[in-house]
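In: let me see the structure of the following:
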Amino acid sequence: MDCKKLLYNLDELVKHKECFLSDDHYYRALLAISTSKAIHAEGEYVFVGTRFVFGVDDSGKIFVRDWPHGFHIDRMFFLGVRDYLGFNFHSWEVKEIKEGMRIRLQGDLALRVIRVFKDTDDLIDSIASDYNEQLWEEFIRDELGKEMRTAERLTPLYMEFRRLYYEKLAKGRPTEEVEEIKRIMKEIREKLRKEYKVPFSDIENIRRVIAFRNKEKFKEYMINKIEKLVIRMGNYTTPHTIRVTGILLRGDFLARENPRVIILQPQWITISHEEHGGTTFYIDKPAIVEFYTI
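Out: Here you go, the predicted model:
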């Protein structure tokens, strides 16, 4: 039976339990039509009342989602149904990934494209030049801990003395107080300059200076962190299992927060699920992506 043809005839649809993705989707459908008779059809979805949405899963079965907090039909149609639901494209519609895309991969699992790069070298050079990237923090902690020890301890103190110096200067404090703070600042500066061989102008940014001196080492660190990842997301009893090769930038393998992954080379990622089955999606260029549920 082609269950998709019954999507717009809910009274007939619920007579065919086999059309639903699983028992819970079937009983959720019964709850929906028992709760409200207000039905709004929009493209590939049917909305019942202000809580339930019906659609066709990749497997051809019917799914029923419950929005516990409700949705606003007028706002949904203004934004577009897909945007409202949390994605822009289905995976089979995408031939080339672009920044900003939100792609539904399977069921309620989606992928957000954070950044894309021309090639692997472009990705590595870009991240190596962006000190704000989280990977730099990991690198400094893992590889430069001992080297950075004095700077980590003294730089915050220097900045605090600097703040105090200008504060007392503005309040017109006695010259001897200001001069003593100035002397301590100079002593700390000299110690940092002597140990790390950085000019006076770089003292405040000494952590960044030391890190960038190790840029090539950082690139090697990145390459060594590439691994075959297995990430599980969604309902803890029936999660989506994602297999991708890259660097886990944020989150963990149990996806207690949305996992963000650096993908250094084009590749097929695979997704499997007990109900939805298996599917693949091709990442056609190096990118930083984030997995999330809608």
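
In: lowest average confidence, helix or strand, in the chain?
Out: Scoring the helices and strands of the chain by mean pLDDT, DSSP states H and E places helix 73-79 at the bottom, with a mean of 63.

In: ok, and for the next helix or strand after it, which residues are buried?
Out: Remark: after helix 73-79, the chain's next helix or strand is helix 81-85, criterion DSSP states H and E. For helix 81-85, a neighbour-count test (16 or more other C-beta atoms under 10 Å) marks 81, 82, 84, 85 as buried. For the C-beta atoms, the positions are set from N, CA and C on the backbone; glycine is no exception.

In: could you point out the helix or strand that follows helix 81-85?
Out: Beyond helix 81-85 toward the C-terminal end (DSSP H and E), the next one is strand 89-90.

In: so which elements touch that following strand?
Out: strand 102-106 (3 or more C-beta pairs under 8 Å, 6 or more residues apart in numbering; DSSP states H and E).

In: pull the contacting residues for residue 217.
Out: When contacts are counted by C-beta atoms under 8 Å, 6 or more residues apart in numbering, residue 217 is found next to residue 143.

In: next secondary structure after the helix or strand harbouring it?
Out: Following DSSP H and E, one finds residue 217 within helix 215-224. The element immediately downstream of helix 215-224 (helix or strand, assigned by DSSP H and E) is strand 227-233.

In: direction included, what does that next one pair up with?
Out: strand 240-250 (antiparallel) (DSSP bridges).

In: tell me the strands beside the helix or strand just after the strand it pairs with, with direction?
Out: Using DSSP H and E, the helix or strand that follows strand 240-250 in sequence is strand 260-263. Based on DSSP bridges, the pairing partners of strand 260-263 within the sheet are strand 240-250 (antiparallel), strand 287-293 (antiparallel).

In: same list, these, but as a markdown table with distance to residue 107 please.
Out: Formatted as a markdown table, the strands paired with strand 260-263 follow (distance: least, C-beta to C-beta, whole Å):
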| stretch | distance to residue 107 |
| --- | --- |
| strand 240-250 | 7 |
| strand 287-293 | 9 |
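
In: residue 44 is nearest to which of these?
Out: strand 287-293 (18.9 Å; C-beta to C-beta).

In: not counting its neighbours along the chain, what's nearest residue 11?
Out: Of all residues not flanking residue 11 in the chain, residue 33 sits nearest, at 7.3 Å (C-beta to C-beta, 6 or more residues apart in numbering).

In: who are the contact partners of residue 110?
Out: 86, 87, 102, 103, 104, 291, 292, 293, 294.

In: could you measure it against residue 275, distance?
Out: Residue 110 sits 17 Å away from residue 275 when distances are taken as C-beta to C-beta, to the nearest Å.

In: per-residue pLDDT, the residue lying closest to residue 134 once chain neighbours are set aside?
Out: Computed as C-beta to C-beta, 6+ apart, the closest residue to residue 134 that is not its neighbour in sequence is residue 249, at 5.9 Å. If you check residue 249, the pLDDT there is 85.

In: residue 249 contacts residue 264, correct?
Out: No. Applying C-beta atoms under 8 Å as the test, residue 249 and residue 264 come out as separate, 11.7 Å apart.

In: who's more crowded, these two?
Out: Using other C-beta atoms under 10 Å, the more surrounded residue of residue 249 and residue 264 is residue 264, with 22 against 19.

In: contact partners for the more buried one?
Out: Neighbours of residue 264 in contact, by C-beta under 8 Å, 6+ apart: 120, 123, 124, 226, 246, 247, 286.

In: what about the third one, which helix or strand?
Out: Under DSSP H and E, the secondary-structure element containing residue 124 is helix 120-128.

In: so the helix or strand just after that helix versus helix 215-224, what angle?
Out: Next along the chain after helix 120-128, taking DSSP H and E as the criterion, comes helix 134-143. Comparing the axes of helix 134-143 and helix 215-224 via axes from the mean of the first three to the mean of the last three C-alpha atoms, to 10 degrees yields an angle of 100 degrees.

In: which elements pack onto helix 134-143?
Out: Using 3+ C-beta pairs under 8 Å, 6+ apart, helix 134-143 is in contact with helix 206-213, helix 215-224, strand 240-250.

In: try it again at 10 Å.
Out: helix 120-128, helix 206-213, helix 215-224, strand 240-250 (3 or more C-beta pairs under 10 Å, 6 or more residues apart in numbering; DSSP states H and E).
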